[in-house]
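**Q** Sequence plus predicted model, see below.
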Amino acid sequence: MEPAEQQHTLDRITEVCLLAGKIMMQNGGETYRVEDTMMRIAAAYGKPNSHSFVTPTGILFAIDGAAPVTRLIRILERSTDLHKITLVNDISRQIGRGELSPHEACELLRKVEAGKPEYRTWLQIAAAALASGCFLLMFQGTLADFLPAFAAGGCGFAAMLLFHRVVPVKLFAEFLASVVVGTLSYLFVRTDLGQELDRIIIGSVMPLVPGLLLTNAVRDLIAGHLVSGLSKGAEAFLTAFAIGTGIAFVLSVY
């Protein structure tokens with residue numbers, strides 16, 4: 001293979017690895033899983049000596065060779081879409097079985113990255129509303145408060161999505177969403193449509209709680225990825241702080 005062709009192939013393999021890692025990191029993947037997937041893809045293409053350094057905001061990746069080049073890719077937005085992670089895992093397995101060339105794998109990964117969320121916005125809001133009502137019951141609330149929690153939780157989650165689109169600052173959106181939840185919960189109780197304010201609020205804010213972030217932070221810390229674990233833990237703490245501040249603001253006003 002000519003040096004120029006060999007370098008082109010190496011660049012394409014690097015692109016596949018970085019794209020796979022970027023998609024997984026943007027959609028809720030754990031750091032150690034991202035690094036493992038990238039190195040497995042490189043090994044499947046005959047490059048076992050690869051190195052990666054993954055953080056929540058960027059990925060560094062390099063493959064040993066005659067002229068090793070380290071490439072960096074930034075992670076600007078993070079959300080939760082486990083369906084895309086599943087698709088990347090499927091592509092990784094196909095690569096491991098030798099079914100995809102670097103060019104084919106790159107095209108498939110680009111389609112996954114450009115794909116719309118698996119669940120529509122209205123379905124996410126409906127699921128959040130139902131989860132809020134079920135959390136209320138789990139926290140020993142009464143059936144009379146199910147509908148208030150259902151409505152407050154759904155409206156709060158919808159408000160978070162809306163505010164996040166208008167102002168791309170996640171903490172600000174979560175703060176305003178918790179204000180909406182607290183205000184609606186208070187109004188339901190004040191108008192005798194609800195009974196226990198504390199349980200309605202607790203159930204309604206549960207869809208906003210960063211459960212996946214906390215889980216990934218602990219798993220990354222256990223796996224030895226201290227930088228990613230601490231940064232994700234800090235992000236989860238700030239989210240919880242924003243939610244608590246929004247609820248405290250409403251209760252102090254009313």
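**A** Now that the structure is in, tell me what you want to look at.

**Q** these two touch, right, Ile13 and Ala43?
**A** No. When contacts are counted by Cβ atoms under 8 Å, Ile13 is not listed as touching Ala43 (10.3 Å). In this view, the C-beta of every residue, glycine as well, is placed from N, C-alpha and C.

**Q** Looking only at neighbour counts, state which of the two leads.
**A** It is Ile13, of Ile13 and Ala43, that has more neighbours when counted by other Cβ atoms under 10 Å, with 22 against 14.

**Q** how about that one, what does it touch?
**A** 41-42, 45, 47, 63, 102 (Cβ atoms under 8 Å, 6 or more residues apart in numbering).

**Q** again, 7 Å this time
**A** Residues near Ile13 by Cβ atoms under 7 Å, 6 or more residues apart in numbering: 42, 45, 47, 63, 102.

**Q** and it, how far is that from Cys106?
**A** According to Cβ to Cβ, to the nearest Å, Ile13 stands 9 Å off from Cys106.

**Q** Now the two most distant members of the contacts of Ile13.
**A** Ile63 and Pro102 (12.0 Å; Cβ to Cβ).

**Q** can you tell me the helix or strand for Gly194?
**A** Of the helices and strands defined by DSSP states H and E, none includes Gly194.

**Q** could you measure it against Tyr186, distance?
**A** From Gly194 over to Tyr186 the distance is 9 Å, taken as Cβ to Cβ.

**Q** For the helix or strand hosting Ala234, list every residue counted as buried.
**A** If you go by DSSP H and E, Ala234 is part of helix 226-253. Judged by neighbour count using 16 or more other Cβ atoms under 10 Å, the buried positions of helix 226-253 are 228-229, 231-233, 235-236, 239-240, 242-243, 246-247, 250.

**Q** Contacts made by stretch 153-162 with the rest, please.
**A** 121, 125-126, 128-129, 131-132, 173-174, 176-178, 180-181, 184, 203-205, 207-208.

**Q** Ok, stretch 124-143 next?
**A** When contacts are defined by Cβ under 7 Å, 6+ apart, stretch 124-143 is touched by residues 145-146, 149-150, 152-154, 157-158, 195-196, 199-200, 202-204, 206-207.
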